[in-house]
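K.L.:
just a sequence and a predicted model for now, questions to come.
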Amino acid sequence: MTSLRVFIVDDEPLARLRLRGLIDAIQEPRCEVVAEAATGSQAATWLREHGCDVVLLDVQMPGADGLQFADGLAQRPPGVPAPLIIFVTAHAMHAVRAFELEALDYLTKPVRRERLQAALARAAQRLAERAAAQAQQPADQPVASDAAADFIALSDRGRVLRVPLAEVLYFKAELKYLTLRTAGETHVMDGALSDLEQRFGERFLRVHRNALVARWAVRELQRHAPTNFGELDGGDGEAADSWAVRVVHVDEWLAVSRRQVAAVREALAGQGR
């Protein structure tokens, strides 16, 4: 197994020295400290020319704090490798915000070796899963970049789940909630389709006022096809047309509004090029 490349970002030299010592004592997963930085600006400069797998990140630092630095990483251009972030801080109060930024873990100082080892093991597993998922993607499914924006964070009974955007087949609005559908699971989430369309419009196609479908997952457009919208179908006077698309892997049909039929046809034509 290749060693995890770890980047330590903390303004306290003793804290960096302690983390380096803990990492050196960890036998599994194998890790290598590739660099250190004392501020977010130093870290950003280093990352512009180098890569790493994991950033061990303090919160309170001179200049931009760790939360601002992590938020900046989320704004990277598509295709730029995204390190996993493990916050290491003396302050537990920022944990909620850290997980909103899709941090892998949040450790409080003084860090125990066992706790750090567990977090790094999760990082190694996450990277292995990411590599396996990319290797198994269909030929017509775009390979996801490593950007943090390529994950959807969900709250589930006190847990925070991260669903890779590349696995999402569609988002569907139902009553006050959204349904996120993958090949194997259905999740309920808060939010608005309009916000998701603004964020991921290049990868998802609006087929109806109630649904966004991954462009690669659209397999067929058919008139008078059954749909899974139930009584929502035709709510805007479109029942006579009854256009629908078939979604791969789950073999479900979703209603298509009349105004979106041309866009769906174009998307299907583009898949065949």
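P.N.:
Nice, thanks for sending it over. Numbers count the residues shown, from 1 in each chain.
K.L.:
which parts of the stretch 151-273 of the chain are helices?
P.N.:
193-200, 261-271 (DSSP state H, counting those that start in this stretch).
K.L.:
which strands and helices lie in contact with the longest one?
P.N.:
Just to be clear, that refers to helix 261-271. Helix 261-271 sits against strand 204-208, strand 218-223, strand 243-247, with contacts defined as 3 or more Cβ pairs under 8 Å, 6 or more residues apart in numbering; DSSP states H and E. All C-beta atoms are positioned from the backbone trio N, CA, C, and that covers glycine.
K.L.:
the ones you listed: which one's closest to residue 72?
P.N.:
Among the helices and strands packed on helix 261-271, the nearest to residue 72 by Cβ to Cβ is strand 204-208 (24.9 Å).
K.L.:
each with direction, which strands does that closest one pair with?
P.N.:
strand 211-214 (antiparallel) (DSSP bridges).
K.L.:
just to revisit the earlier point, in CSV: the helices and strands packed on helix 261-271, plus distance to residue 25.
P.N.:
CSV is the format used below for those (distance: least, Cβ to Cβ, whole Å):
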stretch, distance to residue 25
strand 204-208, 45
strand 218-223, 51
strand 243-247, 49
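K.L.:
mind putting those strands into TSV with mean neighbour count?
P.N.:
Formatted as TSV, the helices and strands packed on helix 261-271 follow (neighbours: other Cβ atoms under 10 Å):
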stretch	mean neighbour count
strand 204-208	24
strand 218-223	15
strand 243-247	23
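K.L.:
what about the stretch 51-200 of the chain, any weak spots by pLDDT?
P.N.:
Applying pLDDT under 70 to the stretch 51-200 of the chain flags the ranges 74-81, 130, 132-149, 156-159.
K.L.:
now do the strands in it.
P.N.:
54-57, 84-89, 105-108, 151-156, 159-164, 168-174, 177-182, 186-189 (DSSP state E, counting those that start in this stretch).
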